[in-house]
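# below: sequence and its predicted model.
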Amino acid sequence: MSETTILVATEGAVRTLTLNRPAALNSFTAQMHGELLPALDAAAADPAVRAVVVTGAGRGFCAGQDLADPAMAGNGDVGAVIERWYRPLAMRVRTMPVPVIAAVNGVAAGAGANFALCCDVVVAAKSASFIQAFSKIGLVPDCGGTWLLPRLVGRARALGLAMSGDKLPAEEAERIGLIWQCVPDDRFAAEVSALATKLSQMPSRALAETRRALDAAMAMEFADALTLEADTQRELGRGADFAEGVAAFLAKRPPVFRDR
């Protein structure tokens, strides 16, 4: 039996999933997919988990698809690999009931980069980098890359990144809005931990609905987005977290949120 490719740790309400193939820069294999998706499903199903962190072991976050993994060949049908593994992974991350942080500790390339971008918040160490490596092997961005890139950085930058396949340093990724934050390496772990703890103490259901509403609004007319806001607020307004938030605000005390 191969060594587990996903390490799972829980501290308080934060579940951390570590991609664990450091010798191969945590590149994806069929085994890793077979462990990562169930680990995300388990975090989604656990009411005690209120934030998820995904990171990589060693010096890389994820180098994308391991092209040497025979189980991923798909009889030459790359599309079958996408449908079997990457589509479910991307959809799972985008529909988690709690916020998901990508803690990019090193290089994130190909599907590894776009997997990170699928997460709600990306925090990268200053030494990390992002590479849309697909053009170098005659492919297009996958794992949601074609949808994510132009929305995050605009068409011109998206095309430049995707066509050139050039390495983008984390500082520049933050500057152009591809990621949320770039932090010095010596503060990386502490910053990720602080953010994860903060999000785990916030109203999980409202955060998940914020993600859903923002994603949906990008394809809507303004008036339709306003309707979506009203419908979402109506539903959240019936929840215990809204009542708790108001009560805590009026009492000048920290809120204790429980909805999920």
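Arrived safely, thanks for sending. Numbering: from 1, shown residues only.

# in the helix or strand harbouring Leu149, what counts as buried?
Here Leu149 sits within helix 145-153, counting by DSSP states H and E. By neighbour count on 16 or more other Cβ atoms under 10 Å, the buried set for helix 145-153 is Gly145, Trp147, Leu148, Leu149, Leu152, Val153. No exception for glycine: its C-beta is placed from N, CA and C like everyone else's.

# from Gln201, how far out is the first one?
This points to Gly145. 32 Å (Cβ to Cβ, to the nearest Å).

# ok so, going back, out of the buried residues of helix 145-153, the closest to Thr10 would be?
Closest approach to Thr10 among the buried residues of helix 145-153 (Cβ to Cβ): Leu148, at 28.3 Å.

# contacting residues for the residue nearest to the closest one when sequence neighbours are not counted?
Closest residue to Leu148 apart from its sequence neighbours, by Cβ to Cβ, 6 or more residues apart in numbering: Leu117 at 4.8 Å. Counting by Cβ atoms under 8 Å, 6 or more residues apart in numbering, Leu117 touches Ala102, Gly144, Gly145, Leu148, Leu149, Leu152, Leu178, Ile179.

# so Leu117, which of the three states?
Here Leu117 is recorded as helix under DSSP: H, G, I helix; E, B strand; the rest coil.

# what bridges to Cys182?
With DSSP bridges as the criterion, Cys182 is bridged to Ala124.

# test my guess that it contacts Lys126.
Yes: using Cβ atoms under 8 Å, Cys182 is in contact with Lys126, at 5.7 Å.

# tell me the phi and psi of Ile184?
Actually, residue 184 is Pro. It isn't Ile. phi -60, psi 150 (degrees, to the nearest 10).

# how about the contacts made by it?
Pro184 makes contact with Ala125, Lys126, according to Cβ under 8 Å, 6+ apart.

# and it, how far is that from Phe249?
Using Cβ to Cβ, we find Pro184 at a distance of 35 Å from Phe249.

# over to Ser193?
27 Å.

# tell me, how many residues neighbour Phe249?
10 (other Cβ atoms under 10 Å).

# for the protein, give me the ranges with low pLDDT.
The chain contains residues with pLDDT under 70 at 1-2, 72-75.

# grab the nearest non-local neighbour of Ala30.
In space, and not counting its chain neighbours, Ala30 is closest to Ala71: 3.6 Å by Cβ to Cβ, 6+ apart.

# if we can go back for a sec, farthest pair in the buried residues of helix 145-153?
Pairwise distances across those (Cβ to Cβ) peak at 12.6 Å, for the pair Trp147 and Val153.

# which residues do those two both contact?
Joint contacts of Trp147 and Val153 (Cβ under 8 Å, 6+ apart) do not exist.

# what's stretch 166-180 in contact with?
104, 116-117, 121-131, 152-153, 157, 160-161, 181-182.

# again, only this time at 6 Å
Identification of contacts with stretch 166-180 by Cβ atoms under 6 Å, 6 or more residues apart in numbering yields Val121, Val122, Ala124, Lys126, Ala128, Ser129, Phe130, Ile131, Leu152, Val153, Arg157, Cys182.

# strands of the stretch 151-260 of the chain, start to end?
167-169, 181-183 (DSSP state E, counting those that start in this stretch).
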